[in-house]
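Student: sequence first, predicted model second:
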Amino acid sequence: MGFMTETRGRWIDLTTAAGVVGCHPITLRRHVRAGTIEATRGAGGAYFLRRSDVTRLARKPPRRGRPKARRRRITDEVLAGAWAWVDACLMHSARERAYVREVATDPERDLPTYRLALAHGLAAEGISIAQSARVLGVSERHVRRLLWRVLEWGLGPLYYRRLERSARIKKEQEARTLVDRISATLVGSGVRSHIARQYSVLVPYRPSRPGRIRPEPSAATIAHLQAAGLNAEEIEAVLIVGLSAEELNELLLRGT
């Protein structure tokens, strides 16, 4: 009852205020939620505005639509707060959390994960899409796409895709080491590989090593390579990386 009495003096309900100002109630409600207009809540959660503010707004009505986001300077404190927010969101995902911490210190390690995490962190800190786009080095449309993705769901596929790629690269490096050892053994026994010379008018290309052929992983090929004295790891390396035509033919002949 006391509030209703006060309402008739200092406060005006939002619908009446919109009529005085000359705008839609939704416009005023958006500005209240954005904090650009001061308001209080009455019974039932209705918004009430100060009469002095309504009089001021009647002279200069607020712009239609959503209020513009307030610009903030992106300082080290803002970035630290953004990464702290991301870290708190991933508190139940230990592996993803540790991985994101590594990416935060070295963005080039996994740029998509870095952009996804930091975009959500900057949004949580109240940074506008335009400012986030400048920080991340992408377009505003790209930032909106990143924000549409749920952080936890988006990081999972990126994390495991990165692990699979790292494991594949490591496996290929180990295979190349084994194949180089096999090639050195064959060269020591007198096998010489033909190096195809390719010439071009624009870009001369002279390879220094023979081209490698990956054999078909059939049962007969694997049996011939086993008979030639290769173990399981060496056979797998040959199937992954390949050998030159002369080296492969030599091994197959030894295995027959």
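Tutor: That came through, no problem.
Student: what's the neighbour count on Tyr47?
Tutor: Close neighbours of Tyr47, defined as other CB atoms under 10 Å, add up to 20. No exception for glycine: its C-beta is placed from N, CA and C like everyone else's.
Student: again, but for Leu178
Tutor: Number of residues near Leu178 (other CB under 10 Å) recorded here: 19.
Student: and for Ser193?
Tutor: Residues near Ser193, counting by other CB under 10 Å, number 19.
Student: how is the chain carved up into domains?
Tutor: Structural domains assigned to the chain are 2-59, 76-149, 169-186+212-256, following automatic domain parsing.
Student: state the phi and psi torsions of Arg50.
Tutor: phi -70, psi 140 (degrees, to the nearest 10).
Student: what does the one 3 residues further on give?
Tutor: Dihedral pair for Asp53: phi -70, psi -40, per degrees, to the nearest 10.
Student: contacts only, for it.
Tutor: Contacts for Asp53 (CB atoms under 8 Å, 6 or more residues apart in numbering) come out as Ile37, Glu38.
Student: how much space is there between it and Ala17?
Tutor: From Asp53 across to Ala17, the span is 8 Å (CB to CB, to the nearest Å).
Student: quick one: the domains of the chain as CSV, columns for distance to Ser193 too.
Tutor: Shown next, in CSV, are the domains of the chain (distance: least, CB to CB, whole Å):
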stretch, distance to Ser193
domain 2-59, 71
domain 76-149, 37
domain 169-186+212-256, 4
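Student: need those domains in JSON lines with distance to Arg192 and mean pLDDT, can you?
Tutor: Formatted as JSON lines, the domains of the chain follow (distance: least, CB to CB, whole Å; pLDDT from 0 to 100):
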{"stretch": "domain 2-59", "distance to Arg192": "77", "mean pLDDT": "76"}
{"stretch": "domain 76-149", "distance to Arg192": "42", "mean pLDDT": "86"}
{"stretch": "domain 169-186+212-256", "distance to Arg192": "7", "mean pLDDT": "86"}
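Student: and the gap between the closest residue to Glu234 other than its chain neighbours and Gly255?
Tutor: Among residues not flanking Glu234 along the chain, Leu178 sits closest, at 5.4 Å (CB to CB, 6 or more residues apart in numbering). Per CB to CB, Leu178 is found 17 Å from Gly255.
Student: residues in contact with Leu14?
Tutor: Counting by CB under 8 Å, 6+ apart, Leu14 touches Pro25, Leu28, Arg29, Val32, Ala39, Ala46, Tyr47, Phe48, Leu49.
Student: helices - which of the residues you listed land there?
Tutor: Among the contacts of Leu14, DSSP state H puts Pro25, Leu28, Arg29, Val32 in helices.
Student: ok, and the residue lying closest to Leu146 once chain neighbours are set aside, which helix or strand is that part of?
Tutor: Distances taken as CB to CB, 6+ apart put Ala119 closest to Leu146, at 4.1 Å, once the chain neighbours are dropped. Counting by DSSP states H and E, the element that carries Ala119 is helix 111-124.
Student: how far out from the middle of the chain is whichever helix or strand comes after that helix?
Tutor: Beyond helix 111-124 on the C-terminal side, the first helix or strand identified by DSSP H and E is helix 129-136. In this view, helix 129-136 has its centroid 15 Å away from the chain centroid, taken as CA atoms, centre = their mean, to the nearest Å.
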